[in-house]
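# Provide a 3D model corresponding to the input given below.
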Amino acid sequence: MEEKNEKISFSIFYTFLLIAFHVEYKLTFSNFGFYKLWVQYAIEDPRPLDVYLDERLVVKNGLAKETGGFGADTLKWFKEAVFEIPQPGDHILKLESDDRIPHINALMIKRKAGPRKD
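From the prediction side, this is the model:
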């Protein structure tokens with residue numbers, strides 16, 4: 001299936017405590033449809049976190065695939081979620097954990113062509 005790129009504007013709010021993590025991204029989508037969330041991170045041992053869209057749990061215990069270390073040389077991209085945007089406009093993407101988290105380097109959201117959710 002063909003993927004379509006689309007500009008998505010965002011703003012960030014985050015809280016990082018010694019043993020907890022919470023970050024929110026305010027995303028503005030210009031089109032409805034299905035989107036894929038890709039995350040580039042490094043992790044030596046499992047440090048899962050939950051992914052929410054508009055307070056709805058999208059992924060429980062995500063970002064948990066080990067990459068072999070924490071350095072830049074072990075960064076890898078993983079598709080973490082496919083979610084539906086039912087209407088254009090502002091939406092909140094939240095990453096949250098009560099424990100340690102992976103070393104997150106980048107997020108990428110791509111619009112998925114077609115009606116299916118996979």
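# got the phi/psi numbers for Asp73?
Backbone torsions of Asp73, given as degrees, to the nearest 10, read phi -70, psi -10.
# For the residue nearest the centre of the chain, list each beta-bridge partner.
Centroid-nearest residue in the chain: Leu37, 5.0 Å away (criterion: Cα atoms, centre = their mean). Beta-bridge pairing for Leu37 (DSSP bridges): Ala81, Ile109.
# Please enumerate the strands of the protein.
All strands of the chain, identified by DSSP state E, fall at 3-4, 9-16, 21-29, 33-42, 49-53, 56-62, 76-85, 89-97, 103-112.
# follow-up on the earlier one: gap between the residue nearest to the centre of the chain and Arg56?
Going from Leu37 to Arg56 by Cβ to Cβ, to the nearest Å gives 13 Å. Heads up, the C-betas are built off the backbone N, CA and C, glycines and all.
# show me where pLDDT drops low in this structure?
Counting by pLDDT under 70, the chain contains low-confidence residues at 1-20, 114-118.
# Any chance of a markdown table for the strands of the chain, columns distance to Gly69?
As requested, the strands of the chain are exported to a markdown table (distance: least, Cβ to Cβ, whole Å):
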| stretch | distance to Gly69 |
| --- | --- |
| strand 3-4 | 30 |
| strand 9-16 | 21 |
| strand 21-29 | 20 |
| strand 33-42 | 6 |
| strand 49-53 | 19 |
| strand 56-62 | 19 |
| strand 76-85 | 10 |
| strand 89-97 | 20 |
| strand 103-112 | 9 |
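# returning to that earlier point: pull the contacting residues for the residue nearest to the centre of the chain.
Neighbouring residues of Leu37 by Cβ atoms under 8 Å, 6 or more residues apart in numbering: Val51, Val58, Lys79, Glu80, Ala81, Val82, Phe83, Leu93, Leu107, Met108, Ile109.
# Val51 too?
Leu37, Leu57, Val58, Val59, Gly62, Leu63, Glu80, Ala81, Leu93, Lys94, Leu95.
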